[in-house]
Structure formats: C-alpha cells, structure tokens
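> mind looking at a prediction? Sequence and model below.
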Amino acid sequence: MKANVYTLDGGIKDQIELPEVFNYPYRPDLIRMAVRIFQLNRVQPHGVKEGAGMKVAESWGPGRGISKMVPRVGDSSRGANLPNTRGGRAGHPPTTEKVWKRKMNKKMRRLAKFSALSATANKTMVINRGHKFNEEVTLPIIVEDAFEDIDRVKKAIETLKNLGVYDDIVRASEKKIRAGKGKMRGRRYKRKKSLLIVVKNKEKVVKGFGNLPGVDIVTPSELNAEVLAPGTHAGRLAVFTESAIEEIRGWTE
C-alpha cells in the first residue's frame, strides 16, 4: 500500500510504500482490552469516609406497626443509616485495598497497537470517527521532515491548512459541558480528540502544535493503543513525518 509524501505547502513531494504494520487486520477486541488496561492502571485507589451515611438515628422498637429494624431520625419516621434509606451508608463501598492494575500479554498488546495503527490508514474508519479533513489526501498523512522544525503556532496553523486538516482542529475546539456532578469536580468541560502527530524529534514541534486543541504529539516509541484509538475507538486522524515512518518500518523487519 502506497501513500503520498506532502510538502509543507500541501504539494506532493514523493510516493512511498507504507510499512508492513499498516496492513494488520482490525481487531476491536484487542484494542478495547488494551485501552481499558491503560485506563485502569491510572486509577488511584479510593474509598469512602469512615462513618459516611451513619447519622444519629435509633430504632423505635416493636409495637408501632412499622419495621423495628430500620433506624429512624428523631421523631420522624424517616429511615436512616441503612443502604436502602435516603442518605444512608453505601452497601458495598470501594476500598483502598482494591487492586486496580491489570496486565496484558506483550504479544497481544503489540498486536492491539499494530491494529490501531493500521486503522489510521483506513479513510472510512477515520471519517466514521468524526474527523474532518480534505478527503483527497492519502491516509495516513505523511509530510517531509521539515515539519519537525516548525516551532511557531502561526506557521503550524498555516501548514495544517495547506495539508487540509485544520478543520479538525476547529471541530475539537468546541467545548461541551459535562453531564452530572463532574461539573463540580474540576472537569466541567469535555474536549474532543483531534490530530495525532508522530515525529522522530518532538522538541520543536511541541512549541508549534502543543497548544492546539485536541492535538497529541508523540514519537514512534511512545505509540500505543490508547493514543491511536482514544476511548477504544480506532481510526484517528494522524500525521507522520518521513523519519517517523522509517523508524516504524523497522518494527517488523
């Protein structure tokens, strides 16, 4: 499978053969498993406060025609403390002793990464994931190594417009207010994922592209199933440099 190599102006510089890893079959089961393990291994063990939900309440005892086992609040008949009462303790709350970490076989994890990587070359999957780009370009988008010298935001935006992928940055800039109590806990807004930029040396690229909404910048050695398929959904819009592609080519040789 061949793909075009684009210049910073959006022109076609050359055409190269993609590495063998872009031909791996789509395995959503392995991708889902790998991403879920990455998420679980970031969870901090947590539990409930000691005594939470245990209000000052006592049972009325027998002879009143109501359950004598349910503690009541004061002179009212409202139940308290028990898991089936309003504001009562949790039935089986989480504990700090719970082990969240999970493991995955090395071969399965690598196959999940290769499968998610091959999905970046599938135009149908990238479109179905919601990304917006010029559909005339070949996927994955490969640019010349001069891309790694861009360290200015103005030049970065101009290059993305030339490559026909800037509309995806605009899409990711629209914030969505989260539903539920997360709004009160420091995560009020949700942002969408946009471009994945894969370069051999990201020292300068981070300065130019790092603050664009939804953009992730990694080197080939940092690639994994989660950055290639955020939320377990494969088909992320990706931009590779020639040097990064050549490094990936060595994975299966």
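Perfect, I can see it now. What you see is a predicted model; the values in this text were computed from it and never measured. Residues are numbered from 1 along each chain as shown.
> tell me which stretches of the stretch 151-253 of the chain form helices.
Using DSSP state H, counting those that start in this stretch, the helices of the stretch 151-253 of the chain run over residues 153-163, 166-172, 205-209, 225-228, 242-249.
> nearest to residue 48, out of those?
When those are compared by CB to CB, helix 225-228 sits nearest residue 48, at 29.2 Å. Every residue, glycine included, has its C-beta placed from N, CA and C.
> quick revisit: highest mean neighbour count out of the helices of the stretch 151-253 of the chain?
Ranked by mean neighbour count, the helices of the stretch 151-253 of the chain are led by helix 225-228 with a mean of 24 (mean count of other CB atoms under 10 Å).
> which secondary structure element contains the closest residue in space to residue 224 that isn't next to it in sequence?
Nearest non-adjacent residue to residue 224, counting by CB to CB, 6 or more residues apart in numbering: residue 113, 5.7 Å away. According to DSSP states H and E, residue 113 maps onto helix 106-119.
> so residue 21 sits in a helix?
Yes: when DSSP: H, G, I helix; E, B strand; the rest coil is applied, residue 21 is found to be in a helix.
> could you list the residues in contact with the helix holding residue 113?
Helix 106-119 is contacted from outside by 21-27, 30-31, 33-35, 125-126, 223-225, 228-229, 234-236, 248, using CB atoms under 8 Å, 6 or more residues apart in numbering.
> now the buried members of those residues.
With neighbours counted by 16 or more other CB atoms under 10 Å, the contacts of helix 106-119 contain buried members at 21-22, 24, 27, 30-31, 33-35, 125-126, 223-225, 228-229, 234-236, 248.
> quote the end-to-end distance of stretch 180-200.
41 Å (CA to CA, to the nearest Å).
> so how far is that stretch from its chain's centroid?
8 Å (CA atoms, centre = their mean, to the nearest Å).
> can you check stretch 50-69 too?
Using CA atoms, centre = their mean, the distance between the centre of stretch 50-69 and that of its chain works out at 46 Å.
> ditto for stretch 233-248
With CA atoms, centre = their mean as the basis, the mean position of stretch 233-248 lies at 17 Å from the chain mean.
> again with stretch 82-92
Stretch 82-92 sits 34 Å away from the centroid of its parent chain (CA atoms, centre = their mean).
> mind checking the pLDDT average for it?
Averaged over stretch 82-92, pLDDT sits at 92.
> please enumerate the strands of this structure.
Counting by DSSP state E, residue ranges of the strands within the chain are 2-6, 12-17, 141-143, 176-177, 189-190, 196-198, 216-218, 238-241.
> let me know which of those is the nearest to residue 62.
Of all these, strand 176-177 sits nearest to residue 62, with 51.3 Å by CB to CB.
> which other helices and strands contact that closest one?
strand 189-190 (3 or more CB pairs under 8 Å, 6 or more residues apart in numbering; DSSP states H and E).
> which strands and helices sit next to the strand it packs on?
strand 176-177.
> okay, domains of this protein per the record?
As assigned by automatic domain parsing, the chain contains the domains 2-43+100-249, 50-99.
> most packed of the ones you listed?
Comparing the domains of the chain by mean neighbour count (mean count of other CB under 10 Å), domain 2-43+100-249 ranks first with a mean of 17.
> for it, how far is the first residue from the last?
13 Å.
> can you check stretch 98-110 too?
Stretch 98-110 has an end-to-end distance of 28 Å (criterion: CA to CA).
> what segments of the stretch 1-150 of the chain are helices?
Going by DSSP H, counting those that start in this stretch, the stretch 1-150 of the chain shows helices at 28-40, 106-119, 123-128.
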